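Trainee: would you be able to build a 3D model of this:
(2 chains)
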Amino acid sequence: MTAVKLNSAVLDIDPQAVADHICQRLVDIVGRDLRRRGVVVALSGGVDSSVCAALSVRAFGAGRVFGLLLPEKDSSSASEDLGRLVAEQLGIEHIKQNIAPTLEAIGCYRWRDEAIATVFPDYRSDWKSKLVIAGGIDGKFNYFKLVVQAPDGARQEKRLDHKQYLQIVAATNYKQRIRKTIEYFHADRLHYAVVGTPNRLEYDQGFFVKNGDGSADVKPIAHLYKTQVYALARYLGLPEVICTAKPTTDTYSLPQGQDEFYFALPYQKMDVALWAHNHGIAAAELAGSLGVSAEQANYIYQDIEKKRGTTRYLHSKAVLIDKVDEISPFA
Amino acid sequence: MKDIKAQVKQYVLENFLMGVDANKVADNTSFIGNGIIDSTGVLELVAFLERTYGIRVEDDEMVPENLDTLDNIEKYIRGKLT
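Mentor: Here you go, the predicted structure:
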């Protein structure tokens, strides 16, 4: 029987204490363990990377944090503007590299468009698109629908079969992987460590690309619920627009919320659901808190577990046939 | 009348269990519950069923009651074919 209760304060933090702890750990990990001189942070304009950059500056000083702005064809223009706003506010050196030509050359857009055209034969590359997840919250199997929008604004949507789904995701995964390649170039050049910026919800639920944004040397906020990341953002004095923005994927050309693409619910509710699941809260109690039925609360718990199982692969390092005990990682 | 359970069992064994022990898949074995098929696998299974039986699996039919065991699948397919 658990003594833990679910209420609106369960995700509250003491932001100063949390920031102090993270900064101390960053110095220990990057300086002492990894023996690097600073950190590279790719800035998406979102709250996670902004908070990671601010914490890094607090830990190491602005002179030891290198920022990257890495837009491509489908990025919202706001992303670059917000990223630059944060870099300038923090006073860190930063450069911009548009990765669209690289993605073009490696076939990212072509492979994606080819798959989309098998779903909608009229599709052309000047159409916009996004993926929408469906099913899990209703107790159905999760599946993805492709939404396309022609230049005249007309929208269509259709369920993807597995070949189409896998090819579209594989193609768009190039974006995260190319960005990470650039981050590691600068890290090597500067002898810095690469910061990964997932929050707890993303890390726990496998919402990242293997060897893309899932790859890093240190992840300062992977243990923090998204709600707590926003609290830190306000404490660290980040721009208001960043402290209030809704999480997006910024990967598809149609604006797409993370809750549309992957999570069953908006982040505030997903945080509560994940916290509740981690603390053994009964589904009926979660249901009351979220304003959903007990049945749906159960589906949400099951969905959390399912996603953990399915995405275990994303967290896995290379698996050896037989152990090599002489070699061990830092953590 | 074609043996739907045998056909689907064969497909599951070959594609999701790499030919491992046929005894692992009984008529009422839950695919999802036993980690035999994950959510991407469900899409593959749906493609196989559509291809093999000439049916269209609608969005709202993608539920465990229709797809999660050999028994359920057979009942579902027979219902679609009649």
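Trainee: from chain B, which residue is nearest to chain A?
Mentor: B:Leu43 (3.6 Å; Cβ to the nearest Cβ). The way it works is simple: take the backbone N, C-alpha and C, and place the C-beta from them, glycine included.
Trainee: which ones are touching the residue of the stretch 51-200 of chain A found nearest chain B?
Mentor: At 3.6 Å from chain B, A:His162 is the closest residue in the stretch 51-200 of chain A, using Cβ to the nearest Cβ. The contact partners of A:His162, taken as Cβ atoms under 8 Å, 6 or more residues apart in numbering or on different chains, are B:Thr40, B:Leu43, B:Glu44, B:Val46, B:Ala47.
Trainee: out of these, which sit inside helices?
Mentor: The helices, defined by DSSP state H, take in B:Thr40, B:Leu43, B:Glu44, B:Val46, B:Ala47 from those.
Trainee: weed out the non-buried ones from those.
Mentor: When those are checked for burial by 16 or more other Cβ atoms under 10 Å in any protein chain shown, the buried set is B:Thr40, B:Leu43, B:Glu44, B:Val46.
Trainee: returning to that earlier point: ok, the contacts of A:His162 vs A:Ala150, which is closest?
Mentor: Nearest to A:Ala150 among the contacts of A:His162 is B:Leu43, at 26.0 Å by Cβ to Cβ.
Trainee: that closest one touches A:Asp161, doesn't it?
Mentor: Yes. Proximity of B:Leu43 to A:Asp161 meets the contact threshold set by Cβ atoms under 8 Å, at 6.1 Å.
Trainee: if we ignore the residues flanking it in sequence, what's nearest residue 71?
Mentor: Answering for chain A, as no chain was given. A:Glu80 (4.7 Å; Cβ to Cβ, 6 or more residues apart in numbering or on different chains).
Trainee: hmm, I had chain B in mind actually
Mentor: Nearest to B:Asp71 is B:Asp27, by Cβ to Cβ, 6+ apart, at 4.9 Å.
Trainee: how about A:Leu166?
Mentor: Per Cβ to Cβ, 6+ apart, closest to A:Leu166 is B:Thr40, 7.1 Å.
Trainee: ok, that neighbour touching A:Thr311?
Mentor: No. Using Cβ under 8 Å, B:Thr40 makes no contact with A:Thr311, being 10.9 Å away.
Trainee: find the nearest non-adjacent residue to residue 11, please.
Mentor: Using chain A here. That would be A:Thr227: by Cβ to Cβ, 6+ apart, it lies 4.6 Å from A:Leu11.
Trainee: oops, I was thinking of chain B
Mentor: B:Phe48 (5.4 Å).
Trainee: A:Ile168 - how many residues pack around it?
Mentor: 23 (other Cβ atoms under 10 Å in any protein chain shown).
Trainee: so where is the stretch 101-250 of chain A shaky, pLDDT-wise?
Mentor: The stretch 101-250 of chain A contains residues with pLDDT under 70 at A:137.
Trainee: got the residues of chain B near chain A?
Mentor: B:32, B:35, B:38-40, B:42-44, B:46-47, B:59-60, B:62-64, B:67 (Cβ under 8 Å from any Cβ of the partner chain).
Trainee: which of those scores worst on pLDDT?
Mentor: Within the residues of chain B next to chain A, the minimum per-residue pLDDT falls on B:Ser39 (78).
Trainee: next up, the contacts around the residue nearest to A:Leu166.
Mentor: Contacts for B:Thr40 (Cβ under 8 Å, 6+ apart) come out as A:His162, A:Tyr165, A:Leu166, A:Thr310.
Trainee: please report phi then psi for the first one.
Mentor: Taking degrees, to the nearest 10, you get phi -70, psi -40 for the backbone angles of A:His162.
Trainee: the second one too?
Mentor: Here is the backbone geometry of A:Tyr165 (degrees, to the nearest 10): phi -60, psi -50.
Trainee: what are the boundaries of the strands in chain B?
Mentor: Per DSSP state E, chain B carries no strands over any range.
Trainee: could you do chain A as well?
Mentor: Under DSSP E, chain A gives strands at A:39-42, A:65-69, A:93-96, A:128-134, A:143-149, A:155-159, A:193-194.
Trainee: could you dump these to JSON lines with distance to chain B?
Mentor: Output for the strands of chain A, formatted as JSON lines (distance: least, Cβ to the nearest Cβ, whole Å):
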{"stretch": "strand A:39-42", "distance to chain B": "28"}
{"stretch": "strand A:65-69", "distance to chain B": "32"}
{"stretch": "strand A:93-96", "distance to chain B": "35"}
{"stretch": "strand A:128-134", "distance to chain B": "7"}
{"stretch": "strand A:143-149", "distance to chain B": "6"}
{"stretch": "strand A:155-159", "distance to chain B": "6"}
{"stretch": "strand A:193-194", "distance to chain B": "29"}
